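S.K.: next input, structure requested:
(4 chains, ligands or ions: 4)
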Amino acid sequence: MDTSQPVILEMKGISKAFPGVQALENVDLVVYGGEIHGLVGKNGAGKSTLMAILMGIHQMDSGTLEINGHRFTSMTPHEALEAGIAYVPQQVRMMDSLTVAENILAGNLPVNRLGLVDWKATYQEAQERLHKLGLELDVHERVEGLGVVEQTMLAIAKALFSNAKLIILDEPTAALSRVDIDRLFGFVRSLKKMGVAFIYISHHLEEVFEICDRVTVLRNGQLVGTYVVSELDIPKLIRFMVGEDIRDYERSSSKQDDPVLVVKGLTRRGHYEEVNLVVHKGEVVGLSGLAGSGAASLGRALFGLERRGIGEIWVNGKPFTARDPRQALDQGLAYLPQDRYRFGLVGSRPVRENVTYTILHQLLNPAGLISFFKERTLVQRYINDLGVVCPSPEQRVNLLSGGNQQKVVFAKLAATRPSILVLHEPTQGIDVRAKIDIYRIVDELASQGVAILIISSEVRELLGVCDRILVMYNGKITAEFKAGEPVTTPENILLTIEGGNIYEQKQMDPVRS
Amino acid sequence: APATPAAPAEPQVVEKTVVVEKTVVVEKEAPKTVTIGYGAPELSGGQGVIMNGMVTGAKGKNWAVVTTNANFDAAAQANQIDYFISLGVDAIVVVPVDSQAICASVQKAKDAGIPFFTIDRAPIGCEINMTVQSDNYMAGKQSGEAMVKLLTEKYGEPKGTVLELQGDLGQNVAQLRGAGFNDVMKNYPNIKVISKPTEWKAEKFSQATLDVVSTEAVDGIYMHSDCVGTKVVLSALEQLGKKFKAGEEGHIFLTGVDACPDAVAAIRDGYSDQASSQPLPDFGVVIADYIEKTLKGEQITEGEVVKEGALWSPARIVKSDTGFMMNLATTSVDKTNASDPALWGNQAK
Amino acid sequence: MSRSKWIQFVLDRMIWFILLLVILFFWLRAGDKFLTGINLINILLHASVLGVLTIGQTICLLSGNFDLSAEGAVSLLTVLAAWLMLPYREMTLAQAGGIGWELSPFIVIPIILVLGTVIGWINGFLITRLRMNNFIVTLAMQLFLRGLAFVISLGAIMPGTPKEFNWLGGGRIGAIPVSVIVTILLFLGFEFFLKYSRFGRELYAVGANRDAARASGFKPALTITKAYMIGGFMAGLASWMLLGRLEVSVPTLGVGMTLETVASAVIGGVALSGGSGSIMGAFSGVLLLSVVDTGLNLMEVDPFWVTGVRGLIILVALLLEVQKARIRVGAVATRSGSSTGTAAKS
Amino acid sequence: MESNRANRVFIFVVDNLIWVFVVVSLIVFSLISKSFFTPFNLVNILSRVAPLGLLVIGQSFTLITANFDLSSESAMGFTAMVAALLLASQKNGGLGLEWNPFVGILIMLAVGVLIGLFNGVFITRLGMNNFIMTVAMLMVLRGATYAISPGKSVNFLPEAFKWLGGGALFRVPLENGKMLAIPASMFFLIFAFLVAFAVTKYTRFGRNMYAVGANRQAAEAAGIDARRVILWVYIISGFCAALAGLLDAGRMDSATPRTGAGLIFPVQAAAVIGGISLFGGRGNLIGAFGGVLLWGILDTGLNIAKVSPFWIEVSRGALLLFAMFIDALKVSYLRRTAIRKVLSASPIGLKDPIQQLE
Ligand SMILES: Nc1ncnc2c1ncn2[C@@H]1O[C@H](COP(=O)(O)OP(=O)(O)OP(=O)(O)O)[C@@H](O)[C@H]1O
Ligand SMILES: Nc1ncnc2c1ncn2[C@@H]1O[C@H](COP(=O)(O)OP(=O)(O)OP(=O)(O)O)[C@@H](O)[C@H]1O
Ligand SMILES: [Mg+2]
Ligand SMILES: [Mg+2]
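M.R.: Ligands and ions are numbered 1, 2, ... in the order given. Purely as a prediction, here's the structure:
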């Protein structure tokens, strides 16, 4: 950290209550120019709320706020923008149907002498501006045609163009692959050199260590402290966040011998080829690969969200013929999608309904109507079992914190009593504590005999949870690692993920290219 | 919609299919077939049938007819007349959606040298070759006079409350039928008229009847169109338990314009009291003669026209500032003449 | 806390209070005539056909789709029903008879209900299977169906439907019209049905987030098709009711109903974007429109002004309705201020 | 290379499908009737869709910002009636004031602007739902039109007033010796669409409209005052409705209480077929012009093809369904070939192109 830089932001004694929750109590936060400031805490610790106050979206109940020496007792979104604060949410929402150039210059398009928009200049200027930041995008492309990283980087760039001095990144890496994360971090570091300050919110603590200078920790709406990252380590940080040492997760279940999911020679041109894999009862298998390796496609295809191509699939010894999610569920395969906002949950409906969407047919009373009694007991049971924290089952699900939302998705899937559960990036956007909860849930399910296939780009996570890890590269399964074997190291796995071959004993740095 | 029905004067069986056919082209020995462009303002109720009258009339002369429907839209009608002009028809016959708005089209037809006729309504503000209509104001007046008579019989003096179910106030058919009626009522300060617009919609006839009759002591109901109204109003009265025959305690007088088959039947049955029968069925047939004359270059002359056995006879042709106007006689139908087979309302099979 | 809950409760039902206000307004203006039993029944009676159609519209809107075709279906089905039931009468008259088969109402009623449902199915098929734009498809369907009504009737009025047929629309049990009872039962039934049935869950889920619904094992295409089928069935029912009330078929029956149904639903809090709103909410919208209509019929408003005044009253009612957002913000602000114990800030 | 070129051509065609429909319908109707593809008729189609076209422009503006304006058909009727009452003599249904026609035009345009302002203020400042606000306005204005007229049409308007809607710019001789009047309204329509296109494509305001429609929050974050933009599109819509009233009254030489009644669905249909999305941010005015033309061609073409009036509505509905069917085939083809970018650029109103990919 460079204390010679001026203080950009000083928040003091911020408190905020929502009906029934004290979301923030007496929280302080100081950010210097050119600093990347981490903000961590469990789900629901109040990170987003603090930022919402800074952005003028929520009003603080008490406290003061100073930006570049200007004092504010209240804030409107407009004032926040004026003051040079920009927020880049996890779900970047831009003007999808418009081009990159227009998104960058919206509200301020260059005009010619006649006062008409000069499109040539628009594209040129957008291109130049991006170029200055070292970002090369096709400015003629519509934003909806861009990938997630590009959209995030574009959103950051956009904020800078509107003279932002402080950019808030709220879980920007949640939906990104490692390669994309590297691109993003490279971009952020280059901006930091230009004197831009960032507040970086993430549940990936390694990332905090990788990119942040200082970190502020919140717990249950209260400030734990602000620390210089180089003086911390992960276990310490976790202790600050959680308030106790968390017992490391340990597997308790064990694999049995009967195969549950058998895939033979599954091929879909352009996505994956000749995929063979077996997942046994009670076994947890990981599947990893780069974006475009086909791993994600395979997961979606198994569940019937995409076409599957040719090849044989057996579940519990019976041919698996499902063409759509309903049939897949009926035949014992459940799937947790990567994008829980779009595919996982119906945000505007209550928790209760979201949990029972998959099993409504089991809750019908003789009249063919849903038995609320059965439903309530069942939902309550899952809420207790999975430790979902919510004021009531009637709470709209998009008001829950990320970890709790993910637990609701789990509850929904577990309720179908699947034989095989396919999880796609199950711990995205979830705090350390909740991650452990999720692992426990996975373990619990496995010990009940469910076969589990986790598709994830988080190798460390897979190493902790899986019995076996498969690696896909270019549409083919190229390697298999068994837990406990000496070759099963993060380095080796990452190497194969990037297309290398561990048996060639090439010495290369597997973590970054 | 206001019924301006059409049954040929010499009852002839017209096959349904004739109506459905888009054009009736009957080859003539003569090298050139006469083509008439016919523009209907809409097709529900009587209007669809007026159109058939025209088709029948043209068929009698071996002419072809091109028919269009403006669907209550004066602008669409203007488009259709443009189209007739571009088609080069020999004569244009229109039931104007709007008597004033039609004038722009009349001018265009005149420029193109095509004779222009209207049925049912005269244009306002421009001159055309001829209009064949029956007098809507007169019809309203007849119903009004009948209503006064009925109220006087009931109370010994002209007083009471009358519900007027109006058509679409934006159309001059409704305005004339309303004006004729109200001009009579104006003379009797003790008669209270409650007017409700219905836009010719059957739903609204029913709704207004239910609302007003259940909250006011209504003595009589006057309908701008008894084609749409009679059945609907009677069933509304029945639902309110107020449907009685003439002479029974609590009978509500019904009068209306059109004298559709139901209305005439209801008069015979004693549920209704009066209908102003417009001898509209013959419009198309009557006008065909005058179109023929015009095409031959003959002059239409003023004076009385008499046709044996037709209820519209005698009719008068007069020259007005909108061109020749032939007013077919309106008959007031009540229980004394409700069985007259010459009434078009009694010609249904 | 209980006070704020109470405010919340009131605000959630704001539209019902506005309805009361409107009734009060008419009571003051139109005198005691307005608050008579028979008039209240009339209000419900006018709400019946619109109400039945609004149920169908609401269900389609909940699934995230418009149904502009229902009014066309009403035109066609009323004409068709009369045409099938009435004895033959020459067509050259403004009033006509049917085709002459004189089918019994007990055959015709199922026919129109089934046909309505089939029309809904076709809408659903075109929209979900062929992925056509719902707005245009149903608009085209409306034109098509109304056109057919004219083709069948040749524009003529067909009067005199049989007694057994008229029971639903015109019959009364005591003083209460059958259609009122049926409509209220339908509203309650559908409210209950959407709440407690599997279909209801699917409908809200599909309307709110189609992708998530699919990934939860629902079949959005099927749900949307079912929604349209219910819409079509309701159009059939409304046709039966309307024709039975009027005893006359006119091919223009139903014209302009689409806007009224959508407006009722939206007034009642149903979102055009799908997945939010309730059937009883839509009922409040229907009632608002019919109270206004009935009230205007009783007040001696200049006929030329009726449409305009109607629009104005609806506007004012809605203006009150949107104020609830402000009241709510105010209420929440004071509450959170007091719960943290800090002084209210300016 | 060759196939790439073919593909590009194909994509170009797909992108401009609405124009393909326009051309195909022109050809089909020309084959059906020889009186269709005549200069007289073609000119007429363009002049008769002029009022519709103006309404479509206004509607497109509001739709691009993800708002409806259902009141425009009534605004058209009301403004036309106001002007007609002021201009016409008492004998012809006016108030007998016989004001200067230009004053009349100015007043009518001002009334249109006021109506738009009213809609806009209620929607942006008082938070009314735009759909219901404009439906209520639709009733209020139609009622007011009936009330001020009262119920009567007004005709014989001054020449200067009529010129734009009904006047001829010049006349050209045809082979058969007749003179073909080239209507001013035709040029005005084309001009209006060009201006509207220029505004939406080449002004900051126009781009702000797209931004607001595409994502209101993002637009606001970019410093665009969404409420002002929406207020302005309603004002423009009101203004366009008044122009439509001017064209219609000029063409008809009269204003009727029903002027414009029932146009709202054709207006929306033309806009949507032309690629304007009901959900904002998509489509352009040139496509909308194609939608207007297609509607006009069907209207005239079906009459000229001598379809019985009873069957016209049926045919129109069927043809509309057919057009949407072809569009659906296009979408499914693109989905199969997964040309996602083309799809997202496609000009027929899809709710969510990505969703259609599923
Ligand atoms: N609009 C709201 N209404 C009511 N409660 C809210 C609202 N927003 C947040 N909360 C509650 O306030 C608390 C803090 O939430 P916040 O979103 O700030 O947590 P977070 O640290 O950002 O969590 P996550 O890591 O899951 O994003 C939580 O208990 C949450 O449920
Ligand atoms: N809708 C589509 N149309 C065309 N190509 C596609 C489509 N979806 C995916 N692809 C291509 O198919 C290949 C597999 O893509 P996919 O996104 O499924 O990879 P993935 O392994 O699932 O990636 P990740 O693990 O990061 O989610 C890629 O080359 C991608 O570009
Ligand atoms: Mg958060
Ligand atoms: Mg949060």
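
S.K.: how about the contacts made by residue A:72?
M.R.: Applying Cβ atoms under 8 Å, 6 or more residues apart in numbering or on different chains, one finds that residue A:72 lies in contact with A:64-66, A:79, A:83. All C-beta spots, glycine's among them, are computed from the backbone N, C-alpha and C.

S.K.: beta partners for it?
M.R.: Following DSSP bridges, residue A:72 is listed with bridge partners residue A:65.

S.K.: and the contacts of residue A:72, which is closest to residue B:223?
M.R.: Nearest to residue B:223 among the contacts of residue A:72, counting by Cβ to Cβ, is residue A:79 at 65.8 Å.

S.K.: residue B:288 contacts residue B:59, correct?
M.R.: No - Residue B:288 is beyond contact range of residue B:59, at 9.2 Å (criterion: Cβ atoms under 8 Å).

S.K.: looking at these two, which is more packed in?
M.R.: Between residue B:288 and residue B:59, residue B:288 has the larger neighbour count (other Cβ atoms under 10 Å in any protein chain shown), namely 25 against 20.

S.K.: in contact with that one, which residues?
M.R.: B:54, B:57-58, B:60-61, B:63.

S.K.: okay, now residue D:201: neighbour count?
M.R.: 16.

S.K.: hang on, it packs against residue D:210?
M.R.: No - if you go by Cβ under 8 Å, residue D:201 and residue D:210 don't touch, sitting 9.3 Å apart.

S.K.: hang on, the earlier thing: name the nearest of the contacts of residue A:72 relative to ligand 2.
M.R.: Distance to ligand 2, by Cβ to the nearest ligand atom, is smallest for residue A:83 among those, at 37.1 Å.

S.K.: so the closest one makes contact with residue A:66?
M.R.: No - counting by Cβ under 8 Å, residue A:83 sits too far from residue A:66 to count as a contact (10.0 Å).

S.K.: higher neighbour count, these two?
M.R.: residue A:83 (21 against 15).

S.K.: distance of that one from chain D?
M.R.: 13 Å (Cβ to the nearest Cβ, to the nearest Å).

S.K.: in the stretch 1-150 of chain A, which spans are helices?
M.R.: A:47-54, A:77-82, A:100-105, A:119-132, A:148-161 (DSSP state H, counting those that start in this stretch).

S.K.: pull the first one out as PDB, backbone CA atoms only.
M.R.: Okay, so that is helix A:47-54. Output in PDB follows, covering the C-alpha atoms of helix A:47-54 (Å, rounded to 0.1, in the frame of the first residue of the first chain):
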ATOM      1  CA  LYS A  47     -20.700  -6.000   2.100                       C
ATOM      2  CA  SER A  48     -23.200  -5.200  -0.600                       C
ATOM      3  CA  THR A  49     -25.200  -3.100   1.800                       C
ATOM      4  CA  LEU A  50     -22.200  -1.000   2.600                       C
ATOM      5  CA  MET A  51     -21.500  -0.500  -1.000                       C
ATOM      6  CA  ALA A  52     -25.100   0.300  -1.700                       C
ATOM      7  CA  ILE A  53     -24.900   3.100   0.800                       C
ATOM      8  CA  LEU A  54     -21.800   4.400  -0.800                       C
END
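
S.K.: center of chain D - which residue?
M.R.: When Cα atoms, centre = their mean is applied to chain D, the residue found nearest the centroid is residue D:56 (1.8 Å).

S.K.: list the residues that contact that one.
M.R.: Applying Cβ under 8 Å, 6+ apart, the residues near residue D:56 are D:267, D:270-271, D:274, D:288-289, D:291-292.

S.K.: repeat that with 10 Å
M.R.: D:49, D:63, D:72, D:192-193, D:196, D:240, D:244, D:263, D:266-271, D:274, D:276, D:285, D:288-289, D:291-292, D:295 (Cβ atoms under 10 Å, 6 or more residues apart in numbering or on different chains).

S.K.: filter those down to the ones in helices?
M.R.: D:63, D:72, D:192-193, D:196, D:240, D:244, D:266-271, D:285, D:288-289, D:291-292, D:295 (DSSP state H).

S.K.: and residue D:280, how far from ligand 1?
M.R.: To ligand 1, residue D:280 is 26 Å away according to Cβ to the nearest ligand atom, to the nearest Å.

S.K.: likewise for residue A:393?
M.R.: 15 Å.

S.K.: what does residue D:95 give?
M.R.: In terms of Cβ to the nearest ligand atom, residue D:95 sits 57 Å off from ligand 1.

S.K.: close to chain C, is the strand or helix carrying residue D:140?
M.R.: Using DSSP states H and E, residue D:140 sits in helix D:130-148. Yes - interface with chain C: helix D:130-148 contributes D:130-133, D:135-148 (Cβ under 10 Å from any Cβ of the partner chain).

S.K.: that older thread, any shared contact partners between residue D:201 and residue D:210?
M.R.: In contact with both residue D:201 and residue D:210: residue D:284, using Cβ under 10 Å, 6+ apart.

S.K.: enumerate the residues of the stretch 51-200 of chain C near chain A.
M.R.: C:192-193, C:195-200.

S.K.: what sits against residue A:138?
M.R.: Contacts of residue A:138 (Cβ under 10 Å, 6+ apart): A:99-101, A:123, A:127, A:130, A:145-146, A:150.

S.K.: between those, which is nearest ligand 2?
M.R.: Out of those, the member with the shortest distance to ligand 2 (by Cβ to the nearest ligand atom) is residue A:145, at 11.3 Å.

S.K.: quick one: that closest one and residue A:99 touch, right?
M.R.: Yes - using Cβ atoms under 10 Å, residue A:145 is in contact with residue A:99, at 9.4 Å.

S.K.: the one residue in the stretch 151-300 of chain B that gets nearest to ligand 4 sits in which helix or strand?
M.R.: Distances between the stretch 151-300 of chain B and ligand 4 by Cβ to the ion are smallest at residue B:203, namely 52.5 Å. Secondary structure assignment for residue B:203, by DSSP H and E: helix B:202-215.

S.K.: that helix and chain C, are they touching?
M.R.: Yes - using Cβ under 10 Å from any Cβ, a contact is recorded between helix B:202-215 and chain C, made by B:202-215.

S.K.: correct me, but residue A:242 touches residue A:218?
M.R.: No - assessed by Cβ under 10 Å, residue A:242 is found out of contact with residue A:218, at 11.7 Å.

S.K.: the more surrounded of these two?
M.R.: Set side by side, residue A:242 and residue A:218 show more neighbours around residue A:218, with 25 against 17, by other Cβ under 10 Å.

S.K.: confidence score at the nearest residue to that one once chain neighbours are set aside?
M.R.: Spatially, and ignoring its direct neighbours in sequence, residue A:218 is nearest to residue A:41 (3.7 Å; Cβ to Cβ, 6 or more residues apart in numbering or on different chains). Note on residue A:41: pLDDT of 86.
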